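> here you go, sequence then predicted model.
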Amino acid sequence: MEDSQAARVLLIEDDAQFRAGVSAALSLAGHTVQGFDSAEPALAWLADAECDVVLTDLRLPGRDGMAVLAECSRLDADLPVAMMTGHGDVPTAVGAIRQGAFDFIEKPFDRERLLSLVTRATRLGRLARENRGLRSRLAAGAALSAVLCGDSAGMRELRATILRLAPTPVDVLVTGETGTGKELVARALHDFGERRGPFVPVNCAALPETLIESEMFGHEPGAFTGATRPRVGRIEHAAGGTLFLDEIEAMPPPLQAKLLRVLQEREVQRLGSNQLRPVDLRVVAASNLALPALVADGRFRVDLFYRLDVAALRLPPLRERRADVPLLFEHFRQGAALRFERPLSPVPAELAERLLAHTWPGNVRELKSAAERQVLGLPALAGRDGGGEPTTSSLQATLATLEGLLIEQTLRRCGGQADAVCRELALSPATLYRKLRQHGLSLKP
């Protein structure tokens with residue numbers, strides 16, 4: 001049997017000889033079987049283990065098969081439970097199906113009927129779990145879209161990567177210019193993951209060099225002058241959760257070495273103590289500088305860089321995703337209107353054009369401030385790059401941005417079919433492919 005069809009079966013049968021026969025038949029077919037003679041130890045095992053099918057006798061000492069069905073439904077509604085029953089218990093088995101059992105099989109049964117039952121139940125259970133996982137991912141994707149707004153290809157890829165990484169324990173390095181939302185990404189990795197501990201942010205550049213070691217690692221009484229009581233450091237406080245190290249390039253070299261040991265060994269040692277304390281945490285580090293260049297200059301440890309660089313996320317600057325500017329601007333306007341209790345007025349066409357032409361050196365943070373000023377009735381971009389009357393070059397940039405946005409939306413609507421895109425936009429195939437290269441797009445929507 002192929003591994004993809006092999007099932008993990010929980011078998012509950014009080015007749016030792018019959019249980020051994022069923023177990024042997026399933027094992028010879030490639031399935032893994034965990035057998036019990038009563039419900040209590042079987043359900044205790046199931047609470048901490050995973051299986052694909054529960055195969056239980058209807059009549060058992062103590063809790064019977066119906067009780068097993070009820071408890072399995074409570075633990076996992078998508079776990080198939082099949083009943084083994086004698087001829088006289090068929091009406092009861094039919095009632096079990098009405099209460100959610102997958103099927104029943106009458107004793108004595110032959111090997112082929114048993115294997116067919118287990119195969120069908122396994123397929124049904126796995127399909128149900130896949131559908132449940134898909135619904136969960138879709139819900140998470142919708143929630144993440146509300147946190148990390150943007151419909152550009154870069155933002156869609158970023159959100160998909162976050163959802164892939166969030167449930168894993170891997171440490172993550174987030175890079176991007178100031179104002180691109182690195183802490184927002186770190187929080188999303190935490191919130192959409194499975195860790196229930198705290199999210200502990202640390203700005204490495206803001207901690208005084210004389211206190212950073214104590215802040216990070218903690219200390220014991222007498223570790224230094226003024227240390228009169230024990231202190232839990234940020235690393236230890238993040239146990240069970242996520243430690244976010246912003247501007248990690250500002251961490252002094254001696255502390256980089258100690259952090260490397262924490263990442264490798266998952267242990268922390270307080271100042272003034274010889275005790276190593278285990279810490280189960282995820283580390284998300286962020287920098288707005290090119291760490292490889294700092295490594296080359298000797299200002300950042302190469303081993304720490306490679307330890308953090310296992311999973312790297314680059315946040316695109318706003319100028320690389322100008323198509324997201326109108327959506328983000330409206331999102332921030334709505335938030336500002338609620339916060340300042342001000343009505344929303346339409347965005348003038350001239351301002352919309354200037355928003356698209358602006359280079360946004362402060363990225364999303366700058367855009368948010370512009371939206372708040374507009375809601376307050378202040379000039380959104382006065383005295384800034386893009387202010388004043390639109391120039392020929394800014395108009396050209398705006399038109400290019402709108403063209404790229406239109407092509408990207410059409411690609412998505414047409415499912416990436418080149419012929420359909422050409423018909424809708426009245427373009428020749430050669431022109432379409434030239435514009436795809438020009439805007440950094442591909443036929444895959």
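Received the coordinates, thanks.
> which helix of this structure spans the most residues?
Among all segments of the chain classified by DSSP state H, the helix with the greatest residue count is helix 111-147.
> mean confidence for that one?
Here the mean pLDDT over helix 111-147 is 77, rounded to a whole number.
> how far does that helix sit from the chain's center?
Helix 111-147 has its average C-alpha position 19 Å from the chain's average C-alpha position, going by C-alpha atoms, centre = their mean, to the nearest Å.
> buried residues in that helix?
Going by neighbour count (16 or more other C-beta atoms under 10 Å), the buried part of helix 111-147 is L114, L115, L117, V118, T119, A121, T122, L124, G125, R126, A140, L144. The C-beta positions use only the backbone N, C-alpha and C, and glycine is treated the same way.
> show me what that helix is packed against.
Counting contacts by 3 or more C-beta pairs under 8 Å, 6 or more residues apart in numbering; DSSP states H and E, helix 111-147 packs against helix 16-28, strand 53-57, strand 81-85, strand 103-106, helix 153-165, helix 182-191.
> can I get these in a markdown table with distance to P429 and mean neighbour count?
Putting those into a markdown table (distance: least, C-beta to C-beta, whole Å; neighbours: other C-beta atoms under 10 Å) gives the following:
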| stretch | distance to P429 | mean neighbour count |
| --- | --- | --- |
| helix 16-28 | 57 | 15 |
| strand 53-57 | 52 | 26 |
| strand 81-85 | 56 | 25 |
| strand 103-106 | 55 | 17 |
| helix 153-165 | 21 | 18 |
| helix 182-191 | 38 | 21 |
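> out of these, flag the one nearest T431.
Shortest separation from T431 across the helices and strands packed on helix 111-147 is recorded for helix 153-165, at 20.2 Å, computed as C-beta to C-beta.
> what's the following helix or strand after that closest one?
The element immediately downstream of helix 153-165 (helix or strand, assigned by DSSP states H and E) is strand 172-175.
> dump the residue contacts of the nearest residue to L313 once chain neighbours are set aside.
Setting aside the residues directly before and after it, L313 is nearest to V174 in space (C-beta to C-beta, 6 or more residues apart in numbering), at 4.9 Å. Neighbour list for V174: K182, V185, A186, V284, A285, A286, S287, A312, L313, L315 [criterion: C-beta atoms under 8 Å, 6 or more residues apart in numbering].
> mind checking which of these are buried?
Listed as buried from the contacts of V174 are K182, V185, A186, V284, A285, A286, S287, L313, L315; burial here means 16+ other C-beta under 10 Å.
> how close does the second one get to D246?
Applying C-beta to C-beta, to the nearest Å, the value for V185 to D246 is 11 Å.
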